[in-house]
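*Asks:* Sequence first, predicted model second:
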Amino acid sequence: MRRVSVFGSTGSVGESTLDLLARRTDCQVVVLTGGRNVARLAEQARAYRAELAVTAHDACLPELRAALAGTGIEVAAGSAALVEAGARPADWVMSAIVGAAGLAPGFAALAQGGVLALANKESLVTAGALLKAEAARHGATILPVDSEHSAVFQALVGEDIAAVEKVTLTASGGGLRDWPVDQLARATPADAGRHPNWAMGQRITIDSASMFNKAMEVIEAREFFGLTPDKIDVLIHPQSLVHALVGFTDGAVMAHLGAPDMRHAIGYALNWPARAPLPVARLDLAQAGRLDFHPPDPARYPALGLAWQVMETGGTAGAVFNAAKEAALDAFIDGRIGFLDMAWLVAETLETFARNNDISREPASLSEVLETDQEARSRAAALARGLPRPGAA
Ligand code: NAD
Ligand code: MG
């Protein structure tokens, strides 16, 4: 029996992971974790006979304990419990908590030397070098679950990374892609929270509309594949059928195509290094008819270019970028700042850090990354308080 844990099991990626696990008989579920959705977490823990269920919130522990009373399933709560759960023996661990909160549990899981299936893109963006060193130290394998990175990973099977000339990540353009640029400042969380092609959590869906998500993925690709920033680019591809393209020095381009369903990338990581049948829709190109591509307009997506700034700076710039982005997203979701204010806020936070801190120095430890995260978060939140509320005269 393969021991499998799912961090963030109540989220969009977590549910898709459990959907695949339900179809297998060779996996024993060890840890499941969630946030405030305790009822769903308890339901999952019962259905999958988990060993341990963890909620991120201390206040939710009594409810979780009551919901699982008499089942023999252990319960725990809080961020320290999540890290402890990461250290619980498992062969395959899905990291699908959203945000920087997913970093420490995934990091703890690496010490077991198994597979870390990484959906949490914040991990590589904030602590890429530390994570890779930890994996190497313990002989652990990090597999990409972000669809674009899974696509690149698959296109690279049997290839020499030195022969790669260009990696192109595709982007749908998000829920506001057809809005006039001069209207974007007025977009609400509900407007930005609708995705044309993918069903995902609220935060990543809004990040798709702003392209903060793609900026994160560009940095993630650099970390994952060890590419120089000039070898990565982004194309808008409204159909979301081509997930990434890899161009080689001999002029060949390998594209990865498939229906937009996260269960493909999750399933690939679950079956790796083999392939096995997956319950995803088959691509029908005759029905799709056409595939469109165009470069992203920097005026529409000011967040995207920040990725190259972060990669050039290196050090803790990724941690500052992500924390500022999370704080900006919180403020936007709460209706405290406008849609375009998010990119301004993150750029401004990066700039104040570059002025006052040694931002390009590599972090020596995870706690240094987490300290930077906290500092950048509070600076960005302070900057947000200085901005006018959307709709205010
Ligand atoms: P989601 O919002 O649907 O679910 C997030 C999960 O994390 C839930 O289980 C939630 O309870 C838990 N969580 C939230 N805040 C937490 C905290 N502070 N501490 C501990 N747990 C917490 O998110 P999602 O869309 O499933 O995305 C998960 C991760 O995967 C993100 O990093 C996202 O960028 C990445 N990702 C998602 C998709 C997708 O299709 N949804 C695709 C690629 C990458
Ligand atoms: Mg993606």
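*Replies:* Noted; the coordinates are in hand. The model shown is predicted, which means the values in this text are computed figures rather than measured ones. Ligands and ions are numbered 1, 2, ... in the order given.

*Asks:* Now do the contacts for Leu18.
*Replies:* Contact analysis of Leu18 by Cβ atoms under 8 Å, 6 or more residues apart in numbering lists Val6, Ser9, Gln44, Tyr48. (Each C-beta comes from the backbone N, C-alpha and C, glycine too.)

*Asks:* ok, it to Lys121 distance?
*Replies:* Leu18 sits 20 Å away from Lys121, going by Cβ to Cβ, to the nearest Å.

*Asks:* on that earlier part again, would you mind putting the contacts of Leu18 into TSV with neighbour count, secondary structure and pLDDT alongside?
*Replies:* Formatted as TSV, the contacts of Leu18 follow (neighbours: other Cβ atoms under 10 Å; DSSP: H, G, I helix; E, B strand; the rest coil; pLDDT from 0 to 100):
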residue	neighbour count	secondary structure	pLDDT
Val6	31	strand	99
Ser9	29	coil	98
Gln44	22	helix	98
Tyr48	21	coil	98
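
*Asks:* Got the phi and psi for the residue nearest the centre of the chain?
*Replies:* Nearest to the mean C-alpha position of the chain, by Cα atoms, centre = their mean, lies Lys121 at 3.1 Å. Dihedral pair for Lys121: phi -70, psi -20, per degrees, to the nearest 10.

*Asks:* surely it meets Glu217?
*Replies:* Yes. At 6.4 Å, Lys121 counts as touching Glu217 under the criterion of Cβ atoms under 8 Å.

*Asks:* Show the contacting residues for whatever residue of the chain ends up closest to ligand 2.
*Replies:* Nearest residue of the chain to ligand 2 (Cβ to the ion) works out as Asp146 at 4.2 Å. Applying Cβ under 8 Å, 6+ apart to Asp146 gives the contacts Leu118, Ala119, Lys121, Glu217, Glu220, Ala265.

*Asks:* a markdown table for the residues you listed, including pLDDT and distance to Gly35?
*Replies:* A markdown table is the format used below for the contacts of Asp146 (pLDDT from 0 to 100; distance: Cβ to Cβ, whole Å):
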| residue | pLDDT | distance to Gly35 |
| --- | --- | --- |
| Leu118 | 98 | 19 |
| Ala119 | 98 | 15 |
| Lys121 | 97 | 18 |
| Glu217 | 98 | 23 |
| Glu220 | 98 | 23 |
| Ala265 | 98 | 23 |
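
*Asks:* what would those look like in a markdown table with secondary structure?
*Replies:* Converted to a markdown table, the contacts of Asp146 look like this (DSSP: H, G, I helix; E, B strand; the rest coil):
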| residue | secondary structure |
| --- | --- |
| Leu118 | strand |
| Ala119 | coil |
| Lys121 | helix |
| Glu217 | helix |
| Glu220 | helix |
| Ala265 | helix |
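
*Asks:* Restricted to buried residues, select those in ChimeraX.
*Replies:* Here is the ChimeraX command that picks out the buried ones among those, judged by 16 or more other Cβ atoms under 10 Å:
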select :118,119,121,217,220,265
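
*Asks:* And the contacts of Asp146, which is closest to ligand 1?
*Replies:* The closest of the contacts of Asp146 to ligand 1 turns out to be Ala119 (Cβ to the nearest ligand atom; 3.6 Å).

*Asks:* isn't the closest one right next to Gly99, touching?
*Replies:* No. With contact defined as Cβ under 8 Å, Ala119 does not count as touching Gly99 (11.8 Å).

*Asks:* can you count the residues close to the residue in the chain positioned nearest to ligand 1?
*Replies:* Closest to ligand 1 within the chain is Gly11: 1.9 Å, counting by Cβ to the nearest ligand atom. When neighbours are counted by other Cβ atoms under 10 Å, Gly11 registers 24.

*Asks:* Of the contacts of Asp146, just say which sits nearest to Asp334.
*Replies:* Among the contacts of Asp146, Lys121 lies closest to Asp334 (Cβ to Cβ), at 22.8 Å.

*Asks:* got the contact list for that closest one?
*Replies:* Lys121 neighbours (Cβ under 8 Å, 6+ apart): Asp146, Asn213, Met216, Glu217, Glu220.

*Asks:* Also Leu370?
*Replies:* Contacts for Leu370 (Cβ under 8 Å, 6+ apart) come out as Ala100, Leu103, Ala104.

*Asks:* Might you enumerate the residues of the protein proximal to ligand 2?
*Replies:* Contact residues (Cβ under 5 Å from the ion) of the chain with ligand 2: Asp146, Ser147, Glu148.

*Asks:* Need the residues you listed in CSV (columns: secondary structure and pLDDT).
*Replies:* Shown next, in CSV, are the residues of the chain next to ligand 2 (DSSP: H, G, I helix; E, B strand; the rest coil; pLDDT from 0 to 100):
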residue, secondary structure, pLDDT
Asp146, coil, 97
Ser147, helix, 97
Glu148, helix, 98
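
*Asks:* could those be laid out in TSV, adding distance to ligand 1?
*Replies:* TSV is the format used below for the residues of the chain next to ligand 2 (distance: Cβ to the nearest ligand atom, whole Å):
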residue	distance to ligand 1
Asp146	4
Ser147	6
Glu148	8
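
*Asks:* ok, is stretch 116-130 in contact with ligand 1 or not?
*Replies:* Yes. For stretch 116-130 and ligand 1, the contact criterion (Cβ under 6 Å from any ligand atom) is met by Ala119, Asn120, Lys121, Glu122.
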